[in-house]
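Colleague: Below are the sequence and a predicted model; questions follow.
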Amino acid sequence: MNRYINPQTDDEVARLKDQIVTGVKDDLTAIEIELVKNLQPKFDLVAKVAGHILFSGGKRLRPLLMVLSGRLCGYQGNNDKTYAAAFEYLHAATLLHDDLIDGGTLRRGRPTAHNAYGNETAVLTGDFLLARALAVSAMTGNLEVVRTIVDITEKMSQGEIDQLDKKGRLEITEEEYLDIIRSKTAVLFQGACRVGALIAAASRSATDALSEYGLNLGMAFQMTDDLLDYTADVGALGKRIGTDLKEGKLTLPLIQALQNAKGQDRIDMVTIISDNNFSADDFQKLVSLLQHCGGIDYTHQQAEKHINRARAAIDMFPSSEAKEILMNIAAYALLRNQ
């Protein structure tokens, strides 16, 4: 107990992942059951499309965060896994919509839902999942939980629109980037942790602490995801690397490198970025420039700052298995390769 790991080697990262998975194995099994039970589609096609995104190997991190947050705050009921399903439904809905907007072809190693079933069906299934998330939140009988889900949905939708509006802009700033990832990613992590505290009737200070943990974990998670788009291999990531760049999304590694680049380095970077049909060799050259101009290291450093803030936020809680797992999830989020 209370062994908050800071892994240094690949073997240590793998052991940390195994330790986390072992600690939440029963929770993940129960969450999976609730995802199936509460989906309740009327038509076979809705079940197929929803299942295509829901049951294709997702980490279940967001519902797990809700369950662990509730446990950390002393939740004694039997419905936490049911309520947690709302966060996976929300996440899956955004993936369906995002993949269509971005023209994505691969998700979790499989064809995207709109490629498999058509654009209209994918969009409407995403809408159905949003409705199911709200329906599940209403089961809590807690108006603050429902308000949290509504707030998340509003912010995520506007974050996606903001990102779409800024697509392809070379002059996007770091602050604009942070606003986008806060709205489109971090608020869902934050909301999951907040709802866990709410269903446990936690104090205001405990609820705020878990909200802070979730927000910073979400920020770091997205920054790491943006790094992986340049550094991972397609087998581990489950989608093609370089996808963000192909879609015109300038993320922090690129924003920082462009800010630092001078002379020919900057010219080469802008040339590659401006060509949606860049070759594999061009992409590898860009990755080298991101490393040379400090974009990769800077992004990792900023993600690490958010992880440190996340772990500090829940330091107020007494030692427990739930706290240990949350601490270790934060450590793993920084070092994951998928």
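Modeller: That came through, no problem.

Colleague: mind listing the strands for this protein?
Modeller: Secondary structure of the chain (DSSP state E): strands at 106-107, 110-111.

Colleague: Name every strand pairing with the last one and say which way it goes.
Modeller: Meaning strand 110-111. Sheet pairing of strand 110-111 (DSSP bridges) gives strand 106-107 (antiparallel).

Colleague: Next, the contact list for Asp80, please.
Modeller: By CB atoms under 8 Å, 6 or more residues apart in numbering, the residues touching Asp80 are 66-67, 70-71, 196, 199. All C-beta atoms are positioned from the backbone trio N, CA, C, and that covers glycine.

Colleague: Show me which of the residues you listed is closest to Val123.
Modeller: Of all the contacts of Asp80, Met66 has the smallest distance to Val123: 26.3 Å, by CB to CB.

Colleague: so the closest one makes contact with Glu88?
Modeller: No - contact criterion CB atoms under 8 Å: Met66 and Glu88 do not qualify, at 9.7 Å.

Colleague: Which parts of the stretch 1-150 of the chain are helices?
Modeller: 10-23, 25-37, 44-54, 61-72, 80-102, 113-117, 119-138, 143-165 (DSSP state H, counting those that start in this stretch).

Colleague: So what touches the last one?
Modeller: When you say that, I think you mean helix 143-165. By CB under 8 Å, 6+ apart, the surrounding residues in contact with helix 143-165 are 83, 86, 90, 94, 97-98, 101, 130, 133-134, 137-138, 140, 179-185, 187-188, 191, 194-195, 198-199, 249.

Colleague: let's go with 7 Å and repeat that
Modeller: 86, 90, 94, 98, 101, 130, 133-134, 137-138, 179-180, 183-184, 187-188, 191, 194-195, 198-199, 249 (CB atoms under 7 Å, 6 or more residues apart in numbering).

Colleague: Generate CSV for the contacts of Asp80, with neighbour count, distance to Leu215 and pLDDT as supplementary columns.
Modeller: Listed next are the contacts of Asp80 as CSV, based on neighbours: other CB atoms under 10 Å; distance: CB to CB, whole Å; pLDDT from 0 to 100:
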residue, neighbour count, distance to Leu215, pLDDT
Met66, 31, 14, 98
Val67, 25, 18, 98
Gly70, 29, 17, 98
Arg71, 20, 20, 98
Gly196, 30, 14, 98
Ile199, 24, 19, 98
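
Colleague: Now tabulate the residues you listed in CSV and tack on distance to Glu34.
Modeller: Putting these into CSV (distance: CB to CB, whole Å) gives the following:
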residue, distance to Glu34
Met66, 11
Val67, 10
Gly70, 14
Arg71, 16
Gly196, 15
Ile199, 14
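
Colleague: who's in contact with Asp244?
Modeller: Shown in contact with Asp244 (CB under 7 Å, 6+ apart): 226, 229, 251.

Colleague: And it, how far from Asp44?
Modeller: The gap separating Asp244 from Asp44 is 35 Å, by CB to CB, to the nearest Å.

Colleague: helices and strands of this structure: which one bottoms out on pLDDT?
Modeller: helix 234-237 (a mean of 52; mean pLDDT, DSSP states H and E).

Colleague: pLDDT weak spots in this structure?
Modeller: Along the chain, segments meeting pLDDT under 70 span 1-8, 233-240, 338.
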